[in-house]
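>>> Pasting the sequence and the predicted coordinates here, then a few questions.
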Amino acid sequence: MEINYQETSKDLLTRISIHEKYGARDIDKWTIEVLDPKPGMTILDVGCGAGKQCFLYDDFTKGQARIFGGDFSEELLEKARAAAAGRGANISFSFMDFNKRFGFDESTFDLVSSAFAIYYASDLRITFGEAHRVTKPKGRLFVTGPLPENKKMFYEIIREATDKPIPPMPGSSRFKVEIFETIQELFSNTQLLTFENPITFPQVAPFMEYVRASLSEDRKLWTSMFNGPEQYANLLGKIESVAATWFKRDGKLVMTKVVGGILAVK
Ligand SMILES: C[S@@+](CC[C@H](N)C(=O)[O-])C[C@H]1O[C@@H](n2cnc3c(N)ncnc32)[C@H](O)[C@@H]1O
């Protein structure tokens, strides 16, 4: 299955900043509790985007781990490199397409991670086979992604606004079963951990900012809902009006992120 997915740097950073501003919990803290990365480790983050997880590992190990981030978006890689230079962090950010052979020798990494990215892989056996190949024996894989219950309120508002079925989201529809099972076949001790983070929007405006950063025309997943700028504006207007009704009724808008973390050992 070929998944046509494109993330813009602005949309990704907007969503990260909204999670940080209005979320009750901190996914970074959870990631560190689960992984406890140690100085001296060699770590690869696949689909690293603007480098969020790489910087987290680097901060936690006080710059003492050897960290690599790979992504196929040159725009996001540039952001990551600029942020690394600004912090004086020695992290290697380079192009990688996780649908192809990973450009690393086998048994290179103590930890291979991927946050909200690798589940877009076209052929899970190839991608996770590569993740397995580059992981050291006894090294770990940690993959996070949305569970089917993720962002229920967000999808309900859109369904009410459009009266249309929500397009299947490749992440949540594959994560718990297909992806878990593929990892389980290749690795050992595979377990599914869960992280829940209620995001409370104190007004309709930041919720709409989140909607825009999720549905903008650059994100190809939503195109069944609109065609061109006019229909996009129309759709946003309908979503805003439903969100305003919900907000009036409940006094707030709460969208819970329900994240799965698949942890496995080679
Ligand atoms: C939702 S973002 C997550 C980024 C980062 N892990 C984070 O948590 O901020 C998904 C990332 O996957 C990357 N991506 C999607 N398909 C890819 C592919 N085939 N190869 C490498 N990266 C890919 C995108 O460019 C984007 O940076």
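Noted; the coordinates are in hand. Numbers count the residues shown, from 1 in each chain.
>>> hang on, L141 packs against F187?
Yes: contact criterion CB atoms under 8 Å: L141 and F187 qualify, at 5.9 Å. The C-beta positions use only the backbone N, C-alpha and C, and glycine is treated the same way.
>>> anything in contact with each of the two?
132, 264-266 (CB atoms under 8 Å, 6 or more residues apart in numbering).
>>> Report the contact partners of I158.
With contact taken as CB under 8 Å, 6+ apart, I158 is in contact with 166, 211, 225, 239.
>>> at 7 Å what do you get?
I158 makes contact with 166, 239, according to CB atoms under 7 Å, 6 or more residues apart in numbering.
>>> And it, how close does it get to the ligand?
Distance, I158 to the ligand, using CB to the nearest ligand atom, to the nearest Å: 19 Å.
>>> Using the three-state scheme, assign that residue.
Per DSSP: H, G, I helix; E, B strand; the rest coil, the local secondary structure of I158 is helix.
>>> Please tell me the pLDDT value assigned to it.
On the pLDDT scale, I158 is placed at 89.
>>> ok so, going back, which of the shared contacts of L141 and F187 sits closest to the ligand?
Nearest to the ligand among the shared contacts of L141 and F187, counting by CB to the nearest ligand atom, is H132 at 16.9 Å.
>>> Doesn't the closest one lie inside a helix?
Yes: the assignment for H132 is a helix, going by three-state DSSP.
>>> How about it: what's its closest non-neighbour residue?
Once flanking residues are discounted, H132 sits nearest to L186: 4.6 Å by CB to CB, 6 or more residues apart in numbering.
>>> Many thanks, I have nothing further to ask.
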